[in-house]
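**Student:** Would you be able to build a 3D model of this:
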Amino acid sequence: MSQIFARHLDTPLGRADARLKMALGFTMSVLSVLADSRFSLLVLAAGGAAICALSKPGRAQVRMILISCVLLVWGLMFSQAIFYNQFPRTILVRILRPNGLLPDGVNLYYEGLRYGMVQSLRMLAVVLTGYAICFTTQPDQFFRGLIAMRVPFALSFMAVTAIRFIPVAVQEFTAVRTAMRLKGYRPFRNGLRDTLSTEIASLRPILAGTIRRSEEVAVSIVTRGFAVGELRTSLKEERLSARAWGLLAAMAAVVLGMAVCKALFWLYQYEIYYASSLRWLYGIAREWL
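**Tutor:** Below is the predicted model:
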């Protein structure tokens, strides 16, 4: 479990400022929303994979990334294959025949599978970038970055405190699952109803542990004289280098340029505004974005 939450601070991404990494995550999120074509989504997914590779994840982390990405892609493909409502569509598998409640029945469509696979690329870009940021950022570094961005101290402190206790919560969840297996519990062995009630009951010790831990942290903070409203200083002052400022400017330019390009194309598409001198831009937006 400790290998999954290991931090790789000696990597190129690990040595970067926390604000730069947060800006990178924001950039990938915005671009994944603006991109629509297969080419642009594939480029974003490849960029996310390259960023994740820069974090140099360990073997356990690579295994977790692969499992989560496979589940993500398959989940989107399966859901889109069932609920795909565009035409034409080709039935691959018929799950339920048409009836009075469902005139078309429940089917798996080939076009839905393909559409879900393409759309999963936008999610992969964000997820892989998020993994890279998590693997290369210590909570205190994240905290200093939030403070340097003028985020209120109380919000920054609560966010970082929650992040610090994620590994502890995961360890408690693993311990509860191990205890359940040692007692002979197997999902769906005694039916769906028993499985659901057991799974809900298994959350109680985890919730109780979370509440107890939050009370201990609150008492510890109060006894140490912590006050949110007082002026606080840091031993290390966060300063962005000229290279970091250049990267931030480049990311802002890419996001702004793509947003303007897509906005002008949408205005042209809905016949709101058209300029003949921008035909080259409309072509780029249609073919590549």
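**Student:** burial of residue 252, as a residue count?
**Tutor:** Neighbourhood size, residue 252 [other C-beta atoms under 10 Å]: 12. Quick note: C-beta positions are derived from backbone N, CA and C, even for glycine.
**Student:** likewise the one 10 residues further on?
**Tutor:** By the measure other C-beta under 10 Å, the count of residues near residue 262 is 17.
**Student:** What of residue 53?
**Tutor:** Counted with other C-beta under 10 Å, residues neighbouring residue 53 total 14.
**Student:** Please apply the same query to residue 164.
**Tutor:** For residue 164, the neighbour count with other C-beta under 10 Å is 15.
**Student:** quick one, what contacts it?
**Tutor:** In this structure, residue 164 makes contact with residue 139, judged by C-beta atoms under 8 Å, 6 or more residues apart in numbering.
**Student:** any idea how far residue 139 is from it?
**Tutor:** Here the distance between residue 164 and residue 139 works out to 5 Å (C-beta to C-beta, to the nearest Å).
**Student:** Next: residue 262.
**Tutor:** Note on residue 262: its distance to residue 139, by C-beta to C-beta, is 36 Å.
**Student:** do residue 129 as well
**Tutor:** As for residue 129, its distance to residue 139 is 19 Å (criterion: C-beta to C-beta).
**Student:** Show me which of these two is the more surrounded one.
**Tutor:** residue 129 (26 against 16).
**Student:** Give the buried residues for the helix or strand where residue 122 lies.
**Tutor:** When elements are assigned from DSSP states H and E, residue 122 belongs to helix 110-135. Neighbour counts over helix 110-135 (16 or more other C-beta atoms under 10 Å) mark 111-113, 115-118, 120-135 as buried.
**Student:** and that helix, what other elements does it pack with?
**Tutor:** Helices and strands touching helix 110-135, by 3 or more C-beta pairs under 8 Å, 6 or more residues apart in numbering; DSSP states H and E, are helix 18-34, helix 38-54, helix 59-83, strand 91-96.
**Student:** Make TSV out of these and add mean pLDDT.
**Tutor:** Supplementary listing: those in TSV, determined by pLDDT from 0 to 100:
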stretch	mean pLDDT
helix 18-34	87
helix 38-54	88
helix 59-83	85
strand 91-96	78
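**Student:** Any chance of TSV for these, columns distance to residue 286?
**Tutor:** TSV is the format used below for the helices and strands packed on helix 110-135 (distance: least, C-beta to C-beta, whole Å):
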stretch	distance to residue 286
helix 18-34	14
helix 38-54	12
helix 59-83	23
strand 91-96	30
